[in-house]
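**Student:** Attaching a predicted model along with its sequence, questions to come.
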Amino acid sequence: MYEQLFALAKSPAEVRQAIARAVRVLREAMEKEDNAAVTAAHVRNLADIAPEALGRAYALAEKTCTFWPTPGQIRELAGCSEDSLALAALQWVFGYLTQHGCEGRPRGGAVRFGEDETGRRVLLETEPEVPAPEIPIDIDQALWQIGGGSVRQGLRYISQHPAVKGWDYTSGDAGLRVAARLESQWVRSYLKQQRRTG
């Protein structure tokens, strides 16, 4: 039912209307009385989430919540909690470090040689050079924070994570401790910067 409410919502105004209807349906299902302030809080805090994710989140809330869900709980059920956004940003950093390193080196630019029918060495193909992408501002600020005022130092610090360095180079428990420490520090830095920038 909730998926149907959000299926037709394309514009931001339609998403807000669908949220209000979903709150009304959820209130009836949970036998709660109508409260305009609670509905307004849901609309205000959830309008930035994709409609499909909201449909799944309200359906899950009806199935799993014992008490009335806050907008933050709906956000978590939709997979858009602050922690999940911070960890998604960390995955972006891992990809950046794997492809471009701490210095932001371009990737590619390799050449392949072979021999022609006379045995002479000839150029077969060249791989185009892909420059490092620009770091998004929210990730840049979190790296600056975790690096003590330097984005490059923040990248070096995150590059110690076993996901970048390789799990083969870290022993079991030690690798898990390093990963947990870096991830918790990243989440704190990322959320601090998000709150600071609004």
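**Tutor:** Structure's in. What do you need?
**Student:** what does the domain assignment say about this structure?
**Tutor:** 2-79, 83-197 (automatic domain parsing).
**Student:** Let me have the ones you listed in JSON lines, extended by mean neighbour count and mean pLDDT.
**Tutor:** From N, CA and C alone the C-beta is placed, and that goes for glycine too. JSON lines is the format used below for the domains of the chain (neighbours: other C-beta atoms under 10 Å; pLDDT from 0 to 100):
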{"stretch": "domain 2-79", "mean neighbour count": "16", "mean pLDDT": "88"}
{"stretch": "domain 83-197", "mean neighbour count": "14", "mean pLDDT": "85"}
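**Student:** quick one: furthest residue from the center of this protein?
**Tutor:** T118 (54.0 Å; C-alpha atoms, centre = their mean).
**Student:** any idea whether the residue nearest the centre of the chain is helix, strand or coil?
**Tutor:** Nearest to the mean C-alpha position of the chain, by C-alpha atoms, centre = their mean, lies A88 at 2.5 Å. Secondary structure, DSSP: H, G, I helix; E, B strand; the rest coil: A88 is helix.
**Student:** and if you look at G119?
**Tutor:** coil.
**Student:** Can you pull the phi/psi pair for it?
**Tutor:** Main-chain dihedrals, G119, degrees, to the nearest 10: phi 90, psi 0.
**Student:** Let me see the ranges of the helices in this protein.
**Tutor:** 2-7, 12-29, 36-46, 51-64, 71-77, 82-100, 137-146, 151-158, 162-165, 172-197 (DSSP state H).
**Student:** Could you double-check that A89 lies in contact with S189?
**Tutor:** No - A89 lies out of contact with S189 (C-beta atoms under 8 Å); the separation is 10.2 Å.
**Student:** Identify the contacts common to those two.
**Tutor:** Residues touching both A89 and S189 by C-beta atoms under 8 Å, 6 or more residues apart in numbering: A142.
**Student:** G108 is nearest to which of the helices of the chain?
**Tutor:** Nearest to G108 among those is helix 82-100 (9.6 Å), distances taken as C-beta to C-beta.
**Student:** Which strands or helices does the closest one pack on?
**Tutor:** helix 137-146, helix 151-158, helix 162-165, helix 172-197 (3 or more C-beta pairs under 8 Å, 6 or more residues apart in numbering; DSSP states H and E).
**Student:** What is the second one packed up against?
**Tutor:** Right, the one you point to is helix 151-158. Counting by 3+ C-beta pairs under 8 Å, 6+ apart, helix 151-158 packs on helix 82-100, helix 137-146, helix 172-197.
**Student:** now the angle from that helix to helix 137-146?
**Tutor:** Counting by axes from the mean of the first three to the mean of the last three C-alpha atoms, to 10 degrees, helix 151-158 lies at 80 degrees to helix 137-146.
**Student:** Then the last one?
**Tutor:** Calculated by the same axes, to 10 degrees, helix 172-197 forms an angle of 120 degrees with helix 137-146.
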